[in-house]
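Student: Sharing a sequence plus its predicted fold:
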Amino acid sequence: MAEKPPTACTPQTALPIIDLTPFLPISTSLYSTPQAHLVAKLTTAAALNCACRDVGFFYLTGHGIPEEQRRTVLKEARNWFINASKEEKEAIKRWDIGKGPGGAGDGARGYQRVGENVTGGLKDWHEAIDHYRPVPPTDPPYAPIHGPNPWPSLQTHPTFKPTFESYTESCLSLGHALLRALSLALHPSPPKEDLFIEFLHNPFWVMRIIGYPPLSSSPEREGVSCGEHTDYGCITLLLADNTRGALQVRDKNGGWINADPLEGAYVVNIGDMLERWTNGLWESTRHRVVHGSGNYRVSVPFFFEPDWVARIKPLECCLAQTGGVPKYDEVMYGEHLLSMVLGNFMTVPPHTPPHTPLPAIEPPRVGGEKKAPALSAEAGGVSIIIR
Ligand SMILES: N=C(N)NCCCC[C@H](N)C(=O)O
Ligand SMILES: O=C(O)CCC(=O)C(=O)O
Ligand SMILES: [Fe+2]
């Protein structure tokens with residue numbers, strides 16, 4: 001008789017490590033019986049439930065994406081940020097809605113220079129290329145986020161586009177596998193892996209390719225590289241270079257945990273839609289980037305999201321575990337994303353120094369219980385970091 005999977009959680013002071021192997025397509029050949037396979041899945045699912053409930057962030061191993069592919073993605077990203085000229089960068093710039101050549105511009109896709117992103121009313125100290133799932137040019141529900149994505153020139157960077165396109169495919173497969181595991185984590189008995197299938201016919205996705213110059217290179221030599229926020233969708237698969245001490249995660253006591261890179265693993269966190277589906281059983285955990293060391297840091301978060309038109313409200317099995325009263329209004333995922341994304345940019349005069357407080361903006365939240373993030377309280381780095 002196979003061993004029973006564990007049920008109790010142990011208290012966490014660091015990010016838990018979750019092995020997804022039992023949910024990969026190859027996994028069927030790894031176990032001697034279907035029963036042994038199920039036990040392995042339930043063991044992973046139980047660990048996932050604890051990780052999502054207690055921390056909201058975890059390291060993911062056994063994810064099936066080759067190390068070589070992950071290294072290549074980071075190499076391409078770094079190469080472009082370091083070597084592309086100012087003109088090459090501006091050639092694929094993001095435009096405010098309708099402000100690009102010939103009325104182009106979706107307000108989201110493309111290159112963003114250092115200081116163009118804002119979080120909680122403050123400028124972020126990073127540059128980035130944002131890509132979104134390409135959608136047909138006139139498909140109404142997606143307006144104004146209509147594709148395609150702008151790519152660096154094939155002449156100067158011929159391997160960039162194929163590298164990121166094949167990486168996107170890998171992340172989508174991984175996203176589906178992880179959502180099956182999360183389903184089982186919420187519904188182990190009887191075992192149910194398909195809670196999310198109806199929301200994932202055509203999963204939306206967002207990929208940010210981010211370059212972080214050292215904060216010491218900012219005119220004010222302080223502030224944050226990316227302000228405190230939650231992510232907007234299902235799950236974030238974070239691939240980052242080996243810089244330590246940059247990404248910080250809020251713990252349940254209001255302190256910060258360093259989410260340093262772990263060789264071969266993804267850093268994964270849950271987003272706003274999972275908080276809503278679970279009726280708050282799993283919170284979409286706040287995090288920020290404070291890149292204090294002297295190198296140029298590169299990261300590539302892949303946001304695996306529900307269908308654009310999916311209507312998200314607490315799931316029955318989660319309501320049953322949380323007193324039966326929904327804490328969140330129903331929301332269409334695409335509307336939530338739009339309201340968040342369009343708040344990420346603000347046209348500011350070029351002479352404004354980074355990290356001067358901008359006019360306060362209320363981050364749009366549809367329903368839910370989240371408070372607007374504090375505008376500047378965290379920027380001075382007064383919080384305690386537990387290592
Ligand atoms: N797609 C995602 N999650 N992007 C997060 C970007 C950083 C936070 C954002 N400026 C904000 O104000 O929310
Ligand atoms: O660069 C990182 O480590 C995290 C970036 C992030 O949180 C985001 O883009 O949403
Ligand atoms: Fe994030």
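Tutor: Sure, I can see it. Residues are numbered from 1 along each chain as shown. Ligands and ions are numbered 1, 2, ... in the order given.

Student: what stretches of the stretch 201-350 of the chain score poorly on pLDDT?
Tutor: 220-222, 347-350 (pLDDT under 70).

Student: Ramachandran angles for the nearest residue to Gly64 once chain neighbours are set aside?
Tutor: The shortest distance from Gly64 to any non-neighbouring residue, by CB to CB, 6 or more residues apart in numbering, is to Leu24 (4.7 Å). Backbone N, C-alpha and C define where each C-beta goes, glycine included. Note on Leu24: its backbone torsions stand at phi -80, psi 150 [degrees, to the nearest 10].

Student: I'd assumed Ile65 was in contact with Leu24.
Tutor: No - contact criterion CB atoms under 8 Å: Leu24 and Ile65 do not qualify, at 10.2 Å.

Student: Could you check which of those two is surrounded by more residues?
Tutor: When Leu24 and Ile65 are compared for neighbours, Ile65 comes out ahead with 18 against 15, by other CB atoms under 10 Å.

Student: Spell out which parts of the chain neighbour ligand 1.
Tutor: Residues of the chain lying close to ligand 1 (CB under 6 Å from any ligand atom) are Asn117, Thr119, Val206, Cys226, His229, Asp231, Tyr232, Phe303, Met340, Asn344.

Student: Check which helices and strands whichever strand or helix holds Phe303 sits against.
Tutor: In this assignment (DSSP states H and E), Phe303 forms part of strand 297-304. On a contact count with 3 or more CB pairs under 8 Å, 6 or more residues apart in numbering; DSSP states H and E, strand 297-304 meets helix 67-83, helix 160-186, strand 205-212, strand 235-240.

Student: Okay, angle between that strand and helix 67-83 too, please.
Tutor: 120 degrees (axes from the mean of the first three to the mean of the last three CA atoms, to 10 degrees).

Student: State the distance from Val325 to ligand 1.
Tutor: 28 Å (CB to the nearest ligand atom, to the nearest Å).

Student: And that residue, its phi and psi?
Tutor: Here Val325 shows phi and psi, under degrees, to the nearest 10, equal to phi -100, psi 120.

Student: got a list of what Pro324 touches?
Tutor: Slight slip there: residue 324 is Gly, not Pro. With contacts taken as CB atoms under 8 Å, 6 or more residues apart in numbering, Gly324 has no neighbouring residues.

Student: Look at it and give its secondary structure.
Tutor: When classified by DSSP: H, G, I helix; E, B strand; the rest coil, Gly324 comes out as coil.

Student: how far is the host helix or strand of Val268 from where the chain is centred?
Tutor: Secondary structure from DSSP H and E places Val268 in strand 266-270. Distance, stretch centre to chain centre, for strand 266-270: 7 Å (CA atoms, centre = their mean, to the nearest Å).

Student: and that strand, which strands flank it?
Tutor: Paired neighbours of strand 266-270 in the sheet (DSSP bridges): strand 57-61 (antiparallel), strand 235-240 (antiparallel).

Student: can you list the residues of this structure near ligand 2?
Tutor: Residues of the chain lying near ligand 2 (CB under 6 Å from any ligand atom): Arg208, Ile210, Cys226, Asp231, Leu238, Ala240, Leu247, His287, Val289, Ser299, Pro301.
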